[in-house]
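K.L.:
Next comes the sequence, and after it the predicted model I'd like to discuss.
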Amino acid sequence: MSLVLYMHPLASFCHKVLIALYENGTAFENRLVDLADAASSAEIERLWPVGKMPVLRDEARDSTIPETSIIIEYLDRHYPGEIPLLPQVPSEALQVRLWDRFFDLYVQVPMQKIVIDRLRPEGMNDPHGVEEAQTLLRTAYSMIEKQLGENRWITGEAFTMADCAAAPALFYAETLVPFDDKLPKLKEYYDRLIERPSFARVLQEARPYFMFYPYRENLPARFRG
């Protein structure tokens with residue numbers, strides 16, 4: 001098979017790319033990466049020395065594509081499907097890229113800061129850093145609420161790369177800093193993302209691994225079984 005995705009089913013950034021692949025039914029091979037295994041780690045580091053997932057390998061084009069946003073744009077250009085994830089109109093594409101980066105930097109990053117802090121050895125925690133991350137998430141939530149307006153998806157009526165970024169970011173972030181009653185549009189958006197068939201499939205495939213999520217007790221009940 002031409003496309004091989006190196007990933008882990010629990011990783012939120014991997015979810016982002018999986019959503020894009022499933023949206024268009026793009027054929028690919030799933031290659032699970034186990035960073036605790038020396039051979040598996042060596043394989044991903046050979047492709048992308050910083051060792052970050054996911055990484056897409058396109059054997060037909062002899063290309064290695066790292067970084068989620070670049071992977072999705074690559075798929076949109078070289079393996080397009082019925083659902084374009086990046087608009088053709090430049091001004092609209094710019095908005096999608098903006099909100100894609102927003103979810104990566106201001107939801108994913110603080111979310112991961114909080115999760116990683118729980119995994120630190122005793123006495124090595126960073127409570128101030130966690131508090132800052134929680135504050136940033138609340139700020140991000142308010143900005144998302146305002147951006148949604150009458151939009152069905154984050155930049156309008158079309159599901160795009162930005163929504164691929166939003167889904168896993170918000171899924172995990174909500175387990176750390178729950179949405180409050182002042183965020184009705186965000187809650188409705190979150191529900192639409194959860195129900196989107198592509199993301200529902202990602203979450204179903206991740207279920208066996210949720211037991212390893214440090215905040216698994218905060219997951220929605222249907223994902224804890």
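P.N.:
That came through fine.

K.L.:
okay, and for the protein, where does confidence drop off?
P.N.:
Applying pLDDT under 70 to the chain flags the ranges 1, 225.

K.L.:
quick one: contacts for Leu148?
P.N.:
Remark: with contacts taken as CB atoms under 8 Å, 6 or more residues apart in numbering, Leu148 is in contact with Ile154, Lys185, Leu186, Tyr189. Any C-beta I mention is one placed from the backbone N, CA and C, and that applies to glycine too.

K.L.:
Quick one, which of the residues you listed are buried?
P.N.:
Ile154, Leu186, Tyr189 (16 or more other CB atoms under 10 Å).

K.L.:
unless I'm mixing things up, the first one is touching Asp163, no?
P.N.:
Yes. Here Ile154 lies in contact with Asp163, judged by CB atoms under 8 Å, at a distance of 5.6 Å.

K.L.:
Skipping adjacent residues, who's closest to Phe199 in space?
P.N.:
Ala167 (4.6 Å; CB to CB, 6 or more residues apart in numbering).

K.L.:
Could you tell me how many residues sit around the one you found?
P.N.:
By other CB atoms under 10 Å, the residues close to Ala167 number 27.

K.L.:
Okay, it and Gln147: tell me how far apart.
P.N.:
Going from Ala167 to Gln147 by CB to CB, to the nearest Å gives 15 Å.

K.L.:
And Ala38, by the same measure?
P.N.:
44 Å.

K.L.:
neighbour count winner among these two?
P.N.:
Between Ala38 and Gln147, counting by other CB under 10 Å, Gln147 is the more crowded of the two (18 against 9).

K.L.:
Contact partners for that one?
P.N.:
Counting by CB under 8 Å, 6+ apart, Gln147 touches Trp99, Ile154.

K.L.:
do you know how far it is from Leu3?
P.N.:
32 Å.

K.L.:
before we move on, what about Val107?
P.N.:
Relative to Leu3, and taking CB to CB, Val107 is found at 27 Å.

K.L.:
again with Met53
P.N.:
Noted for Met53: a distance of 15 Å to Leu3, by CB to CB.

K.L.:
Looking at those two, which has the bigger crowd around it?
P.N.:
The residue with more neighbours, out of Met53 and Leu3, is Leu3; 22 against 19, by other CB under 10 Å.
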